[in-house]
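A.B. asks: Show me the folded form of this:
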Amino acid sequence: MTREQRVKSPCVSICALDEQDICIGCHRTADEITFWSTMTDEERRQVLVRVAEREKSALL
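C.D. replies: All right, here's what the predicted structure looks like:
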């Protein structure tokens, strides 16, 4: 699999963690950010599902 085919990071270059250690830009946890580069594409997809849930909760 080429680099272009890999699941891309949700980073939006707004890198700041809130009091729960969740990035206010991409909604990933500090651990998810740290380990992103070593995750499989399936693990990354699982993170993106959690990111979508956190983003939805943040908008409520």
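
A.B. asks: going forward, measure contacts and count neighbours with C-alpha atoms only.
C.D. replies: OK.

A.B. asks: What separation do you get for the closest residue to residue 17 other than its chain neighbours and residue 58?
C.D. replies: Distances taken as C-alpha to C-alpha, 6 or more residues apart in numbering place residue 23 nearest to residue 17, at 4.2 Å, with adjacent residues excluded. Per C-alpha to C-alpha, to the nearest Å, residue 23 is found 11 Å from residue 58.

A.B. asks: same deal with residue 22?
C.D. replies: 11 Å.

A.B. asks: higher neighbour count, these two?
C.D. replies: Counted by other C-alpha atoms under 10 Å, residue 22 and residue 58 do not tie: residue 22 has more neighbours, with 20 against 10.

A.B. asks: how about residue 11, what does it touch?
C.D. replies: Contacts for residue 11 (C-alpha atoms under 8 Å, 6 or more residues apart in numbering) come out as 25-26.

A.B. asks: Confirm it sits in a strand?
C.D. replies: No. If the criterion is DSSP: H, G, I helix; E, B strand; the rest coil, then residue 11 is coil and not within a strand.

A.B. asks: re earlier: might you report the residue contacts of the residue nearest to residue 17?
C.D. replies: Residue 23 neighbours (C-alpha under 8 Å, 6+ apart): 14-17, 29-30.

A.B. asks: any low-confidence regions in this protein?
C.D. replies: 1-4 (pLDDT under 70).

A.B. asks: wait, what's in contact with residue 55?
C.D. replies: Applying C-alpha under 8 Å, 6+ apart to residue 55 gives the contacts residue 27.

A.B. asks: before we move on, what SS does it have?
C.D. replies: Quick answer, by three-state DSSP: residue 55 is helix.

A.B. asks: which one of the contacts of residue 23 is nearest residue 53?
C.D. replies: residue 29 (12.6 Å; C-alpha to C-alpha).

A.B. asks: Name the nearest residue to that closest one, ignoring sequence neighbours.
C.D. replies: residue 22 (4.3 Å).

A.B. asks: burial count for residue 46?
C.D. replies: 11.
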